[in-house]
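Enquirer: heads up, no residue letters with this:
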DNA sequence: ACTAGCCCCTGGGAGC
DNA sequence: TGCTCCCAGGGGCTAG
């Protein structure tokens, strides 16, 4: 599923391939994908607009257009953008069918024969068309916590953010109001690296442990961005290529595999287990990560 | 302010 | 091989 690194990869691709282009036509195949306004108004307002600035905030991609409009997107589970040339063999009226993707929910025909597809298998992803100066008032964006990859987001800052919450550590990591952009994959990986059980309650963790966890969050997100994301759940970039971080994952999706940690040169004897924490599938090594009570 | 439970959806895995 | 059943999972929402 797309988390910060996958969304960052997409944002960079969209910026690289379509920034500066003008929207000539809009096709909506699933109206619920458009959170606001109505599909008709969405089309009407977008045609003729130029895509200017493209950036990421948490797991959102924001595309600023001319005339004070912004297209905000969230991928949820399976959404992604895809950039493709207009098919020369296709019927001009059915431009949105190329390349063939039965999961394209919204498509934008751009100038210079390019098409931007917004594809989403499970139909959970959303697009919002809002006035640029209203973005900061969107509830989902307004509540977002700090960006974990910003230089000023130090391990101390992480401790400070996390200390504003209570309860189990994993749901706090997943809470976008605490730190923006962390999802199930990087939460599990970071907890594993820090040797912290996801069910450990915050008041049982001291600042030193939280600091290590903060370092691991940053390390994992940085590495994943470098590798173009993880391609778990068929994530691909805007050119349809897989991310390469999947091969670096150590616990996520590794149920039944031996733990990859070494102690004093010897491999850990643990086997990766899948448990459920806060209604989410969670991967741990029962030897490296013990709950503190 | 917290947690549990439901909802949105579909592909894919399990079971037969 | 092919059918049906079941369910993950981000985040919004409601109820307790």
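Expert: Perfect, I can see it now. Here the structure is a predicted model, which is why all the values come from computation and not from measurement.
Enquirer: For residue A:128, give me phi and psi.
Expert: The phi and psi values for residue A:128, taken as degrees, to the nearest 10, are phi -130, psi 130.
Enquirer: May I have the residues that are in contact with the residue lying closest to it once chain neighbours are set aside?
Expert: Spatial nearest neighbour of residue A:128, chain neighbours left out: residue A:72 (4.3 Å); criterion: C-beta to C-beta, 6 or more residues apart in numbering. Glycine gets a C-beta too; all of them are placed from N, C-alpha and C. Neighbouring residues of residue A:72 by C-beta atoms under 8 Å, 6 or more residues apart in numbering: A:60-63, A:127-130, A:135, A:138, A:141.
Enquirer: Angles on the backbone of the residue in the stretch 101-250 of chain A positioned nearest to DNA strand B, please.
Expert: Nearest residue of the stretch 101-250 of chain A to DNA strand B: residue A:167, at 2.6 Å (C-beta to the nearest atom of the strand). For residue A:167, the backbone dihedrals (degrees, to the nearest 10) come out as phi 90, psi -160.
Enquirer: Secondary structure class of residue A:292, three-state.
Expert: coil (DSSP: H, G, I helix; E, B strand; the rest coil).
Enquirer: quick one on the thing from earlier: out of the contacts of residue A:72, name the ones that lie in strands.
Expert: A:60-63, A:127-130 (DSSP state E).
Enquirer: Let me see the confidence value for residue A:55.
Expert: Residue A:55 is assigned 95 on the pLDDT scale.
Enquirer: typed the wrong thing, it's residue A:90
Expert: For residue A:90, pLDDT reads 66.
Enquirer: quick one: stretch A:253-264 to chain centroid distance?
Expert: 26 Å (C-alpha atoms, centre = their mean, to the nearest Å).
Enquirer: in it, what's buried?
Expert: A:253-254, A:259-261 (16 or more other C-beta atoms under 10 Å).
Enquirer: which ones are touching residue A:71?
Expert: A:46, A:51, A:62-63, A:65, A:127-129.
Enquirer: Let me know whether the helix or strand where residue A:281 lies sits next to DNA strand C.
Expert: Assessed by DSSP states H and E, residue A:281 sits inside strand A:280-284. Yes: using C-beta under 7 Å from any atom of the strand, strand A:280-284 reaches DNA strand C at A:280-281.
Enquirer: Can you tell me what sits against that strand?
Expert: Residues contacting strand A:280-284 (C-beta under 8 Å, 6+ apart): A:170, A:174, A:184, A:188, A:191-192, A:197-198, A:251-255, A:272-276.
Enquirer: ok, residue A:118 touching residue A:96?
Expert: No: the pair residue A:118 / residue A:96 is not scored as a contact, 10.5 Å apart, by C-beta atoms under 8 Å.
Enquirer: quick one, which of those two is more surrounded?
Expert: residue A:118 (25 against 20; other C-beta atoms under 10 Å).
Enquirer: Need phi/psi at the more buried one.
Expert: Main-chain dihedrals, residue A:118, degrees, to the nearest 10: phi -110, psi 100.
Enquirer: Between the contacts of residue A:72, which sits nearest residue A:7?
Expert: residue A:61 (6.1 Å; C-beta to C-beta).
Enquirer: need the contact list for the closest one.
Expert: Residue A:61 sits in contact with A:7, A:10-11, A:14, A:54-55, A:72-73, A:81, where contact means C-beta under 8 Å, 6+ apart.
Enquirer: Can I have the buried ones of those residues as a PyMOL selection?
Expert: Applying 16+ other C-beta under 10 Å to those, the buried members can be selected in PyMOL as follows:
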select buried, chain A and resi 7+10+11+14+54+72+73+81
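Enquirer: quick check, nearest of the contacts of residue A:61 to DNA strand B?
Expert: residue A:73 (16.1 Å).
Enquirer: Strand A:126-131 and the helix or strand in which that closest one is found, what's the angle between them?
Expert: Using DSSP H and E, residue A:73 falls within strand A:69-74. Here the directions of strand A:69-74 and strand A:126-131 differ by 160 degrees (axes from the mean of the first three to the mean of the last three C-alpha atoms, to 10 degrees).
Enquirer: What pairs with strand A:69-74, parallel or antiparallel?
Expert: Its sheet considered, strand A:69-74 pairs with strand A:60-65 (antiparallel), strand A:126-131 (antiparallel) by DSSP bridges.
Enquirer: ok, back up a step: thought the residue of the stretch 101-250 of chain A closest to DNA strand B was touching residue A:201?
Expert: Yes: using C-beta under 8 Å, residue A:167 is in contact with residue A:201, at 6.4 Å.
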